[in-house]
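K.L.:
Pasting the sequence and the predicted model now:
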There are 2 protein chains.
Amino acid sequence: MDRKQALDEIKRIDREIVLLEHTAALLEWDEETQMPPEGLEGRAAQISLLKGYIHDLTASPEMGEALEACGEEQSVEDHALRRIHKREYDRAVKVPKTLVVAMSEAESRGQNAWVSARKDEDFASFAPYLEKIISLKREYAEAVGYEGLPYDALLDDYEPGMTSAQIDGVFAPLKAEVLKLLERITSCPQADDRFLYEEYPRDLQDQFGRQVLHDMGFDFKRGQLAEAVHPFTTTVGYDDVRITTRYTEPSVSSPLFSTIHEEGHGLYELGASNERTRGTVLADGVSMAIHESQSRLWENIIGRSGEFWEYYYPQLQGLFPSQLGGITKDAFLRGINRVEPSFIRVNADEVTYNLHIILRYELEKRLVSGDLKVGDLPWAWNSLMQELLGITPEKPSDGVLQDVHWSAGLIGYFPTYALGNLYGAQFYRTLLKQLPDTPQRISEGNLHDTAAWLNTEIYRRGSIYEPAELLKKVTGEVLDSSCFIEYLWDKYAHIYQW
Amino acid sequence: MDRKQALDEIKRIDREIVLLEHTAALLEWDEETQMPPEGLEGRAAQISLLKGYIHDLTASPEMGEALEACGEEQSVEDHALRRIHKREYDRAVKVPKTLVVAMSEAESRGQNAWVSARKDEDFASFAPYLEKIISLKREYAEAVGYEGLPYDALLDDYEPGMTSAQIDGVFAPLKAEVLKLLERITSCPQADDRFLYEEYPRDLQDQFGRQVLHDMGFDFKRGQLAEAVHPFTTTVGYDDVRITTRYTEPSVSSPLFSTIHEEGHGLYELGASNERTRGTVLADGVSMAIHESQSRLWENIIGRSGEFWEYYYPQLQGLFPSQLGGITKDAFLRGINRVEPSFIRVNADEVTYNLHIILRYELEKRLVSGDLKVGDLPWAWNSLMQELLGITPEKPSDGVLQDVHWSAGLIGYFPTYALGNLYGAQFYRTLLKQLPDTPQRISEGNLHDTAAWLNTEIYRRGSIYEPAELLKKVTGEVLDSSCFIEYLWDKYAHIYQW
């Protein structure tokens, strides 16, 4: 096999893996958005079969030989293709197929158990499923290997190269500064945001959300918006990206910002599939944290800014005159940026959100190491929540059962949300340096120029560069927390007029 | 490999094939019900990949060896499993995988082209796709082999063992009798059915349709109802059957009877998955004609009967007082059973419907043999329509472009609709012999007992027995057209009070 043949073989297997991943994503999308309840067992078996195929292809002898034979001298794209498959191959050959299949089944069943447990406020009924998932994850970490903690092996699945030691280093100043900022904010009179919790007709919310999606540039010929219990975005084809949202309390801001958040992911996925990458594993976000930087940049830095609402608030008022007619734009802005310790992560403000992540990060590290038993998790959750946020949830759905992640086997995923905040602030500062009138354009309803810059700098690059390399290319910087901390202090100093 | 091991191997491969078939069915369901338009190319590649896997498993050396080694002495279920896989294996090893993949891609593209062509009334834009499909089907027939016509090899895919010679034998008296009945009916004054074409709010239609589905026993925990351009039913998991309907003109009767029709398929599929068959290829209808007998029995023999509307008409009147308040039950019954030559097969009455099938059957036989060129198809369609029904469509969407089947590669499928009429009448006559008060029960809103009888006699048997064997077991008879012809004459003699 010469180098050219080897590369062709990698591309052939890559294409098949991508098709299977899109298919599995559609099975999951359907499960979350419309599958009838008794479909679960068959669906779990289907997903598990496809994940087995993906594992077999990823770790196939053909792939191993082709990776050896193709060398390292290729175009940028082919080099990246080899890098990713080499990494996946090295991991996959270490993991027995039986374990892959067992994880997939445990996760599918775990999600179902979580849905019931959450509805019934019954953590105990979910505990055995979570224990199974964690035990399989430990097996997985041992199979894959790690240098520091077993947890690092899991983390590496979502943020390649990242370790808990590095995260500890970034989260320490983040935690200290956020607690300081939170103390300063809570010493001020609190904004009134009760108007957000009135009755907002759902079809009008949907209409407004779709308008914003459209303005951000979401192509409905290449994607779709539906509802799910826990909003997510998934790519189910070369040109088919599915976004979900949910319409639950609190009424108007949570669904909208959730939609904008998922749209941030969706734009990244749509942009990542282009003439350089289409149909390959490169047509995807490079890591969870970079992905999250895009969703959180749109949701928070742009979506909760004064500029954004300069343009959109009159429209929102027009749709909801009885609810918002008497609320000024500044009052609305204070309302949607109200900072207050609360139970639910996805509804948390930009400041306390980071504490929610630090809490989950600390707990999942301890669950994986075995320092914390699943049976003690509700107690540990509540206790750490009290320590960080000064509040204690009264029911599991407000605490330990609120998130889908652990039930879906996504352990090591949570820290990427906070890392996304840090990356997002660094990207946005660079955008402001290069296009200083961005806030002005946004205030005129021009989201297109921002989306175009992000598309060129980040989306279109897909997985061609590794996270740190991409950050360097775009910003010239390395990851640090100071930019985000500075952004938070500036934003709230402005809101509270310190 | 001993017999036990061989059987286990067949079951292992069977399970994998069934999971892949359900997955492919979900990809198609999503494509028909909600996929964004640009998703098509990726979706075609996904379906084609899975169909390739299914073909490989069906024709695998492991399957071939196991079929040889397992012998013929098994339980009834295992014997059936072996019978089906032996048949599929023998066919599949004759068909090159490249041809399977090419057919799948041509059909996926063909369907898309058909949707556009139908919308644009432009047969020419669809013709090259249809030519490609027919040419691949001919290749397929040659690969599989046949005794009579190449067309028989295609027919055999939908109705195992059936030949065009047999169909010619059954269709000849059917055509003669139907033409005679049609002449008699058209010599009578025609029923007024204009009230069916008024404005019927769609949500109320949906509500009524779902009520009937519920009464027939459709389990919404094991299935779902959605919308598609051309209604179909598909099984996407062990306990997950998806039905579709459409709300188009004519307004109230067409969507309802389409829903009941698909529900007939759906009940069969749900019943076929039970403790004897679940997760195997036996959990499926045994043939297209038997499947169609179930949908048409519910749609026509029951759904258009006086007994059915004895119970449901007051409810329908209650939902639509302004449209139906002044229409008596008998007038309604005459309206929904109005016989009149018309263009669209799926809206055709029970009498002329058979002529629509005979037309398609004749044309597709000639397309496959090469006697008829695709370019001449619109002309041939119109000419035969004039001959059989005395009318000529003015646009392709009323004629040659009305059905999805040919674009989806379903050539040899149409005759099973009329065979379904024949089987259905034979089954229903047996039901009446065994439970003579069935009409009375239906008139009291009890559809449950009919569904239970069908479940025991037909649904639960899945694919365990071959069509002719099943017919014999249930009715003690062989296929013939006289029962259906008698049913038609009786029904219309009653309606027209001859």
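P.N.:
Received, thanks. Residues are numbered from 1 along each chain as shown, chains lettered A, B, ... in the order given.
K.L.:
Next, the contact list for A:A425, please.
P.N.:
A:301, A:483-484, A:486-487 (C-beta atoms under 8 Å, 6 or more residues apart in numbering or on different chains). The C-beta positions use only the backbone N, C-alpha and C, and glycine is treated the same way.
K.L.:
Excluding chain neighbours, what is closest to it?
P.N.:
A:F484 (3.8 Å; C-beta to C-beta, 6 or more residues apart in numbering or on different chains).
K.L.:
what's around the one you found, how many residues?
P.N.:
28 (other C-beta atoms under 10 Å in any protein chain shown).
K.L.:
A:Q166 too?
P.N.:
Neighbours around A:Q166, by other C-beta under 10 Å: 17.
K.L.:
picking up where we left off before, is the residue nearest to A:A425 in a helix, a strand, or coil?
P.N.:
helix (DSSP: H, G, I helix; E, B strand; the rest coil).
K.L.:
before we move on, the earlier item: narrow the contacts of A:A425 to just the buried residues.
P.N.:
Neighbour counting by 16 or more other C-beta atoms under 10 Å in any protein chain shown classes A:301, A:483-484, A:487 among those as buried.
K.L.:
Which pair of those residues spans the longest distance?
P.N.:
Pairwise distances across the buried ones among the contacts of A:A425 (C-beta to C-beta) peak at 11.1 Å, for the pair A:I301 and A:C483.
K.L.:
that older thread, what's the closest of the contacts of A:A425 to B:I464?
P.N.:
Nearest to B:I464 among these: A:I301, at 62.3 Å, using C-beta to C-beta.
K.L.:
Return the distance of the closest one relative to chain B.
P.N.:
A:I301 is 28 Å from chain B, where distance means C-beta to the nearest C-beta, to the nearest Å.
K.L.:
what's near enough to touch that residue?
P.N.:
If you count contacts by C-beta under 8 Å, 6+ apart, then A:I301 has A:424-425, A:428, A:487 around it.
K.L.:
so can I have TSV of the residues you listed showing secondary structure and pLDDT?
P.N.:
Conversion of the contacts of A:I301 to TSV gives the following (DSSP: H, G, I helix; E, B strand; the rest coil; pLDDT from 0 to 100):
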residue	secondary structure	pLDDT
A:G424	helix	98
A:A425	helix	97
A:Y428	helix	97
A:Y487	helix	97
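K.L.:
Which of the residues you listed sits closest to A:L435?
P.N.:
For the contacts of A:I301, the nearest to A:L435 is A:Y428 (10.8 Å; C-beta to C-beta).
K.L.:
Touching, that closest one and A:L297? I think so.
P.N.:
Yes. With contact defined as C-beta atoms under 8 Å, A:Y428 counts as touching A:L297 (5.7 Å).
K.L.:
Can you read off the backbone torsions of A:V95?
P.N.:
Taking degrees, to the nearest 10, you get phi -100, psi 120 for the backbone angles of A:V95.
K.L.:
How about the longest helix anywhere in chain A, which residues are buried there?
P.N.:
The longest helix of chain A (DSSP state H) is helix A:3-33. Buried residues in helix A:3-33, counted by 16+ other C-beta under 10 Å: A:6-7, A:9-11, A:13-14, A:16-33.
K.L.:
Repeat that for stretch A:212-227.
P.N.:
Across stretch A:212-227, burial judged by 16+ other C-beta under 10 Å covers A:212-213, A:216-218, A:222-225.
K.L.:
got the contact list for the closest residue to A:P396 other than its chain neighbours?
P.N.:
In space, A:P396 comes closest to A:F123 once its chain neighbours are excluded; the distance is 4.7 Å by C-beta to C-beta, 6+ apart. Listed by C-beta under 8 Å, 6+ apart, the contact set of A:F123 reads A:117, A:377-378, A:396, A:400-401.
K.L.:
likewise A:L401?
P.N.:
A:114, A:117-118, A:121, A:123, A:126.
K.L.:
could these go into CSV alongside pLDDT, distance to B:K132 and secondary structure?
P.N.:
As requested, the contacts of A:L401 are exported to CSV (pLDDT from 0 to 100; distance: C-beta to C-beta, whole Å; DSSP: H, G, I helix; E, B strand; the rest coil):
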residue, pLDDT, distance to B:K132, secondary structure
A:W114, 96, 48, helix
A:A117, 97, 52, helix
A:R118, 96, 51, helix
A:E121, 97, 58, coil
A:F123, 97, 58, helix
A:F126, 97, 53, helix
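K.L.:
quick one: which of those is nearest A:G161?
P.N.:
Closest approach between these and A:G161, by C-beta to C-beta: A:W114, at 30.0 Å.
K.L.:
Low-confidence ranges, chain A, go.
P.N.:
Applying pLDDT under 70 to chain A picks out residues A:249-250.
K.L.:
Spell out which parts of it neighbour chain B.
P.N.:
Proximity of chain A to chain B, by C-beta under 8 Å from any C-beta of the partner chain, involves residues A:16, A:19-20, A:22-23, A:26-27, A:30, A:34-39, A:41-43, A:45-46, A:49-50, A:53, A:219-224, A:236-240, A:279.
K.L.:
what about A:D122, neighbour count?
P.N.:
Using other C-beta under 10 Å, A:D122 has 15 other residues around it.
K.L.:
so it sits right up against A:P396, yeah?
P.N.:
Yes. The pair A:D122 / A:P396 is scored as a contact, 7.3 Å apart, by C-beta under 8 Å.
K.L.:
one step back: wait, doesn't the residue nearest to A:A425 sit right on A:L419?
P.N.:
No. If you go by C-beta under 8 Å, A:F484 and A:L419 don't touch, sitting 9.9 Å apart.
K.L.:
Tell me who's in contact with A:K491.
P.N.:
By C-beta under 8 Å, 6+ apart, the neighbours of A:K491 are A:337, A:350.
K.L.:
and if you look at A:R118?
P.N.:
A:126, A:396-397, A:401-402.
K.L.:
Please report how far whichever residue of the stretch 251-400 of chain A sits closest to chain B lies from A:Y465.
P.N.:
Residue of the stretch 251-400 of chain A nearest chain B, by C-beta to the nearest C-beta: A:G279 (7.7 Å). For A:G279, the distance to A:Y465 equals 19 Å [C-beta to C-beta, to the nearest Å].
K.L.:
returning to that earlier point: and of the contacts of A:L401, the nearest to B:E310?
P.N.:
A:R118 (46.8 Å).
K.L.:
From A:S125, how far off is the closest one?
P.N.:
Separation of A:R118 from A:S125 (C-beta to C-beta) stands at 10 Å.
K.L.:
Now do the strands in chain A.
P.N.:
Counting by DSSP state E, chain A has strands at residues A:223-227, A:233-237, A:240-245.
K.L.:
Pull up the pairing partners for the longest one, direction included.
P.N.:
The one in question is strand A:240-245. strand A:223-227 (parallel), strand A:233-237 (antiparallel) (DSSP bridges).
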